[in-house]
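Student: generate coordinates for the sequence data below:
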Amino acid sequence: MASMVPYDRYGRAIRRSFPFDDLFDDFFTSPLVSASSDAAFKMDVEDAGEAYVVTAQLAGVERDEIDVELNEGRLSISVDKKETEEQKSKNFLHKETREWSASRGVYLKDAAVEGLSAKLENGVLTVNVPKQVEKANVTKIAID
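Tutor: The predicted structure follows:
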């Protein structure tokens, strides 16, 4: 186990051994790391006492391209960014914007269903998730 090296370190190790420029950079980069860091958005989760405050950086994303869902304590934020028909009809010489989709989630064990709110302002989605009083799931049973 001590000799195992993560994929992203192979490129650095090979470059030290051989004088190739960037031949091995993309080959040994994990597709999961590069794909998720490319399309995923940044998300912060704050415990604000009576509630959780979740913020997601979604610059350039419209309200109708976002889906926020709370299911059994798991808060999921999904984005499906699509090009408009106006953009598709243009003749771009160079284009760095693209269609993409990403989903991020966090488990909030004491999240309440009532009182949830979400607001998108200046490219930042803010979701307020109130906390509920945790009920003890342990029941004492008397022995006869």
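
Student: quickly list the domain ranges of the chain.
Tutor: The chain breaks down into these domains under automatic domain parsing: 1-38, 40-130.

Student: by mean pLDDT, show me the worst of these.
Tutor: Averaged per stretch, pLDDT over the domains of the chain is lowest on domain 1-38, reaching a mean of 49.

Student: ok, which stretches of this protein are helices?
Tutor: 7-17, 31-39, 85-89 (DSSP state H).

Student: partner residues bridging residue 101?
Tutor: Beta-bridge partners recorded for residue 101 (DSSP bridges): residue 80.

Student: residue boundaries of the strands in this structure?
Tutor: 43-47, 51-57, 66-71, 74-81, 100-107, 117-121, 124-130 (DSSP state E).

Student: mean neighbour count and distance to residue 141 added to those strands, as a markdown table?
Tutor: Any C-beta I mention is one placed from the backbone N, CA and C, and that applies to glycine too. Output for those, formatted as a markdown table (neighbours: other CB atoms under 10 Å; distance: least, CB to CB, whole Å):
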| stretch | mean neighbour count | distance to residue 141 |
| --- | --- | --- |
| strand 43-47 | 13 | 34 |
| strand 51-57 | 18 | 34 |
| strand 66-71 | 14 | 31 |
| strand 74-81 | 17 | 31 |
| strand 100-107 | 14 | 29 |
| strand 117-121 | 12 | 41 |
| strand 124-130 | 18 | 33 |
